[in-house]
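Visitor: Test case, fold it:
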Amino acid sequence: MSAELWDELVIYLDLAMAYKNRGMISDSDRALLMAGCCASLAKYPQLASYLRHQILQRNSNHMIRRWDDFEEALSAPEFQTLIKQVSAKIPIENYEETLKSLGYRRKSTLDDFTSELNFIAHILKVDPSWLDDF
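Guide: Prediction:
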């Protein structure tokens, strides 16, 4: 996985958690959608599946339900249009200011964990083994 893709994945997960902590569920779901795309492209299908599940759990009518997984969705033109719209609403360039304005700061780094998935599970506040179920 490229360092840039990894960085985007972590940024979108941080944004999703920051929005969720503030009760901004629609924004959290947008960030989860972008993180799901990153996870799929990074070849983390179980993480992408978990993120899809989280979105659908809160919004069963979300557009992502049309496809069985992010990999399939990413090849659909209408999903590409959605991704462009969502990325415009959550500009990744401003993520530091956004996280600060939401009062969110993650104290841990990847170096604190034995694997990338353990780190991601920590950000999402789930047990790492739970991600294996997806």
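Visitor: any low-confidence regions in the protein?
Guide: Scanning the chain for pLDDT under 70 picks out 1, 133-134.
Visitor: any chance you could map the helices in it?
Guide: 3-21, 25-41, 45-58, 70-74, 77-89, 95-101, 116-124, 128-131 (DSSP state H).
Visitor: Can you tell me the centre-most residue of this structure?
Guide: Compute the mean C-alpha point of the chain, and by CA atoms, centre = their mean the closest residue is Ala35, 2.6 Å away.
Visitor: before we move on, back to that, of the helices of the chain, which is nearest Thr109?
Guide: Nearest to Thr109 among the helices of the chain is helix 116-124 (7.8 Å), distances taken as CB to CB. Glycine gets a C-beta too; all of them are placed from N, C-alpha and C.
Visitor: How far off centre is the closest one?
Guide: Taking CA atoms, centre = their mean, to the nearest Å, one finds the center of helix 116-124 at 11 Å from the center of the full chain.
Visitor: From Tyr19, how far off is the closest residue to Leu47 other than its chain neighbours?
Guide: Closest residue in space to Leu47, ignoring its immediate chain neighbours: Ala39 at 4.2 Å, by CB to CB, 6 or more residues apart in numbering. Ala39 sits at a distance of 18 Å from Tyr19 (criterion: CB to CB, to the nearest Å).
Visitor: same check, this time on Asp111
Guide: Taking CB to CB as the measure, Asp111 falls 26 Å from Tyr19.
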